[in-house]
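Asker: could you work out the structure for the sequence below:
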Amino acid sequence: MMNDVMQLSYALDTFYFLVCGALVMWMAAGFSMLEAGLVRSKNTTEILTKNVALFAIASLMYLVCGYAIMYDGGFFLSGILESGVTGAEDDWYYAPSSDFFFQVVFVATAMSIVSGAVAERMKLWAFLAFAVVMTGFIYPMEGSWTWGGQAVFGMYELNFLDFAGSGIVHMAGAAAALAGVLLLGPRKGKYGKNGEINAIPGANLPLATLGTFILWMGWFGFNGGSVLQTSTVDTANAVAIVFLNTNAAAAGGAIAALILARILFKKADLTMILNGALAGLVTITAGPDIVSPVEATIFGGLGGLLVVFSILALDKLKIDDPVGAISVHGTCGFLGLMLVPLNSDATFLGQLGGALTIFIWVFVASLIVWGVLKAIMGIRVTEEEEYEGVDIAECGMEAYPEFNKG
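Answerer: Numbers count the residues shown, from 1 in each chain. Predicted coordinates:
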């Protein structure tokens, strides 16, 4: 009888894990639609190509070496192959293959963050070459020091909490994006000679809105799946509160950004509302299991406020991020980490140390890789190609060909 109960629990937990992984995989569609909506029409095909290709690259690189680096302490896949598809019969937790699937979609999420920040002026193949290193080595290394529980360079171990990856996934992706943007430079015409900031509107705000809602939905798998189980009363209740808090934080972020945009710009800025919702989601990701719904709403609201100020600040610094990815995932990811000690035994010093370790490693490693790629093959398209649009230069086709014919 006990064995039957354990088998049922195992099956339920594994199935829940896989469904949540599928929800997170669906976030790839969200990033694709969001970024396609926020870039100009002449750059749509290329941004979609990047998102499809980076997901495929992440899936293979994490299979080849990323998972082993992050969890097995090696440099080639061993755990999945040795354990088989279903796992050992005496390991009533979840199958190694389901754990791998859930983890690999997180890797792809981190890389998707980079895509939007470098949009409209980066060479496609330089981006894909970076994706190989990011998903196969840079992300797995910082993941091994945190979720993997391995020593940092053999000297010390991190002691901080990040439930579903505000820092480990989102801030890491933003750090890699920031390194690329700094070497890449802004889009032509974004900043004037006298310091003025010129808006470059996206081509399809309905598409960007759809992408935001897809991400909002996928986030239930992102945070809910991080509970890891749902077959007991306690874990089922934990899943429910994580879902509730995730939704509340997104709503709080959207409303806070809407109100702030109205105060600052005298208008209801849709792009700020969309980024506000995502900022709330990123902020709560570090601790959706330890807060009340009211606190989740407040924390999400703080993220919604912060993302607006961060986007404006980066523009002042002439750091050109077409979709606001660095602000949404970087500054709000850091905020999420620093809010965790308010409701847990984690310390602010421990959270800060973990955040700095993640950021410094990913930023410096990414800066080196971007620098090498820039020296070897170049990372930016020509001025003429940028003017005509990277769709034609990189992909040889337009997303909306009939709209461009006079």
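Asker: can you give me the first-to-last residue distance of stretch 192-200?
Answerer: Chord length of stretch 192-200, first to last residue, is 13 Å (C-alpha to C-alpha, to the nearest Å).
Asker: run the chain-centre distance for it.
Answerer: Counting by C-alpha atoms, centre = their mean, to the nearest Å, stretch 192-200 is centred 28 Å from the centre of its parent chain.
Asker: what does that stretch rub up against?
Answerer: 40, 187, 189, 190, 191, 315, 316, 322 (C-beta atoms under 8 Å, 6 or more residues apart in numbering). Quick note: C-beta positions are derived from backbone N, CA and C, even for glycine.
Asker: for the second one, give me the pLDDT.
Answerer: So the one you mean is residue 187. Residue 187 carries a pLDDT value of 97.
Asker: in helices, which of the contacts of stretch 192-200 appear?
Answerer: 315, 316 (DSSP state H).
Asker: pull the most distant pair out of the contacts of stretch 192-200.
Answerer: Farthest pair in the contacts of stretch 192-200 (C-beta to C-beta) is 40 and 316. Separation: 22.6 Å.
Asker: can you pick out the residue with more neighbours from the two?
Answerer: Taking neighbours as other C-beta atoms under 10 Å, residue 40 and residue 316 compare with residue 40 leading, 19 against 11.
Asker: from residue 314, how far off is that one?
Answerer: 19 Å (C-beta to C-beta, to the nearest Å).
Asker: swap in residue 323?
Answerer: Going from residue 323 to residue 314 by C-beta to C-beta gives 12 Å.
Asker: more neighbours: those two, which one.
Answerer: residue 323 (30 against 19).
Asker: one step back: which one (most neighbours) among the contacts of stretch 192-200?
Answerer: Top of those by neighbour count (other C-beta under 10 Å): residue 322, with 23 neighbours.
Asker: tally of neighbours for residue 341?
Answerer: Neighbours around residue 341, by other C-beta under 10 Å: 18.
Asker: need the pLDDT of it.
Answerer: Value listed for residue 341 in the pLDDT field: 96.
Asker: and what of residue 161?
Answerer: For residue 161, pLDDT reads 95.
Asker: so, low pLDDT: which residues of the chain?
Answerer: Along the chain, the parts satisfying pLDDT under 70 run over 1-2, 73-95, 151-158, 404-406.
Asker: which stretches of it form strands?
Answerer: Using DSSP state E, no strands are found in the chain.
Asker: top helix in it by residue count?
Answerer: helix 2-38.
Asker: which parts of that helix are buried?
Answerer: Neighbour-count burial for helix 2-38, counted by 16 or more other C-beta atoms under 10 Å, picks out 9-10, 12-14, 16-18, 20-21, 23-25, 27-38.
Asker: skipping its backbone neighbours, what lies nearest residue 18 in space?
Answerer: Excluding the flanking residues, the one nearest residue 18 by C-beta to C-beta, 6 or more residues apart in numbering is residue 98, at 5.3 Å.
Asker: enumerate every residue touching that neighbour.
Answerer: Contacts of residue 98 by C-beta under 8 Å, 6+ apart are 14, 17, 18, 21.
Asker: so where do the helices sit in the stretch 151-300 of the chain?
Answerer: Assigned by DSSP state H, counting those that start in this stretch, the helices in the stretch 151-300 of the chain fall at 172-184, 205-224, 233-265, 270-284, 293-316.
Asker: cool, thanks, signing off.
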